[in-house]
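Visitor: My questions are about this predicted structure, shown below with the sequence.
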Amino acid sequence: MTVDAHHHVWDLSVRDQDWITGPALRPLRRDFTVRDLMPEASAAGVDRTVLVQTVTVPEETPELLALADAHELIAGVVGWADLTRPDLPDELARLRELPGGRYLKGIRHQVQGEPDPEWLLRPDVRRGLAAVAAAGLVYDLVVREHQLPACVAAAASLPRLTFVLDHAGKPPVASGALEPWASGVRALAALPNTVCKLSGLVTEADPASWSADDLRPYAGVVLDAFGPGRLMFGSDWPVCTLAAAYGEVLATARALARDLDDSGRRQVFETTAARVYGL
């Protein structure tokens, strides 16, 4: 079995994806549906997936849960909810009562777009993160390297909450630099309640000329820091299609993990995600 722990879908007739702007992202300005993904996943040997939010509106999460209810491929959903709302515990309970509510496994906010690098440490946000923990959900971190120190502080202050670092913290692959990203990642990995996704690397590289060798130093850092027991593969489809096809992304991830033994590879490509998200 193989689990894809991170992908998206959207229907532009239902809701605009206002982050898809500019010529570089133009290929993404069309619908990407579960039915589009299914043959790609099947051909790559992917059996289960985790569907992740893309926009910060409350209407999206119920739609994602309904998709999980309708499609066997989707085994879990990371949705969005306003962490700052005082009644967040009630909102999370409401989401779980909706069709497909049992598939809600985590919450994510587009922290990468917040101008305050310490947004995660705001008292109202921390109260929301505590509510996510109390609900038995995980929290996905989509951040950039300058926000990693706040991630470390938040994870240290909330040991009951599992934090999942999306896209390995978006390392600067295209520039070839490792620091300060690597130090931030290692500091986060030193906390036992943190996990990392081996995802999103191909779109941080030069989309026209990247190779697995470009990605290897960054994959090496997260493999060493988190270990296979706290690392999980994610395709980041369809965003990954800006640089590589679905099957190529998975094949590249397998090449990056080739030095692991059979048990380690199984953790990265199946059991870590199944355990962390309760699939």
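Guide: Thanks, I have it. Note that the coordinates shown come from a computational prediction; the quantities given were computed from them, not determined experimentally. Numbers count the residues shown, from 1 in each chain.

Visitor: Now for residue 181: which residues touch it?
Guide: The neighbourhood of residue 181, defined by CB atoms under 8 Å, 6 or more residues apart in numbering, consists of 145, 148, 169, 171, 172, 218, 221. From N, CA and C alone the C-beta is placed, and that goes for glycine too.

Visitor: In CSV, list those residues along with neighbour count.
Guide: Below are those laid out as CSV (neighbours: other CB atoms under 10 Å):
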residue, neighbour count
145, 18
148, 24
169, 27
171, 26
172, 16
218, 25
221, 21
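
Visitor: State the number of residues packed around residue 102.
Guide: Residue 102 has 15 neighbours, counted by other CB atoms under 10 Å.

Visitor: Next, find the distance separating it from residue 226.
Guide: Separation of residue 102 from residue 226 (CB to CB, to the nearest Å): 28 Å.

Visitor: residue nearest the centroid of the chain?
Guide: Taking CA atoms, centre = their mean, the centroid of the chain lies closest to residue 166, which sits 3.8 Å from it.

Visitor: For it, give me the pLDDT.
Guide: pLDDT, residue 166: 98.

Visitor: just residue 248 next, same as before
Guide: 96.

Visitor: related to what we said a few turns ago, quick one, what contacts the residue nearest to the centre of the chain?
Guide: Here residue 166 is in contact with 6, 52, 108, 140, 141, 142, 143, 197, 199, 200, 234 (CB under 8 Å, 6+ apart).

Visitor: For those residues, please prepare CSV with the additional fields neighbour count.
Guide: Output for those, formatted as CSV (neighbours: other CB under 10 Å):
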residue, neighbour count
6, 28
52, 25
108, 21
140, 29
141, 26
142, 23
143, 25
197, 30
199, 26
200, 22
234, 27
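
Visitor: doesn't residue 253 fall inside a helix?
Guide: Yes. According to DSSP: H, G, I helix; E, B strand; the rest coil, residue 253 belongs to a helix.

Visitor: Excluding sequence neighbours, find me the nearest residue to it.
Guide: In space, residue 253 comes closest to residue 233 once its chain neighbours are excluded; the distance is 5.1 Å by CB to CB, 6 or more residues apart in numbering.

Visitor: re the thing from before, wait, which of the contacts of residue 166 is closest to residue 27?
Guide: Nearest to residue 27 among the contacts of residue 166, counting by CB to CB, is residue 200 at 16.4 Å.

Visitor: wait, residue 92 sits on residue 131?
Guide: Yes. Residue 92 lies in contact with residue 131 (CB atoms under 8 Å); the separation is 6.8 Å.

Visitor: May I have the beta-bridge partners of residue 7?
Guide: Taking DSSP bridges as the rule, residue 7 bridges to residue 51, residue 237.

Visitor: dump the residue contacts of it.
Guide: By CB under 8 Å, 6+ apart, the contact list for residue 7 reads 37, 49, 50, 51, 52, 234, 235, 236, 237, 238.
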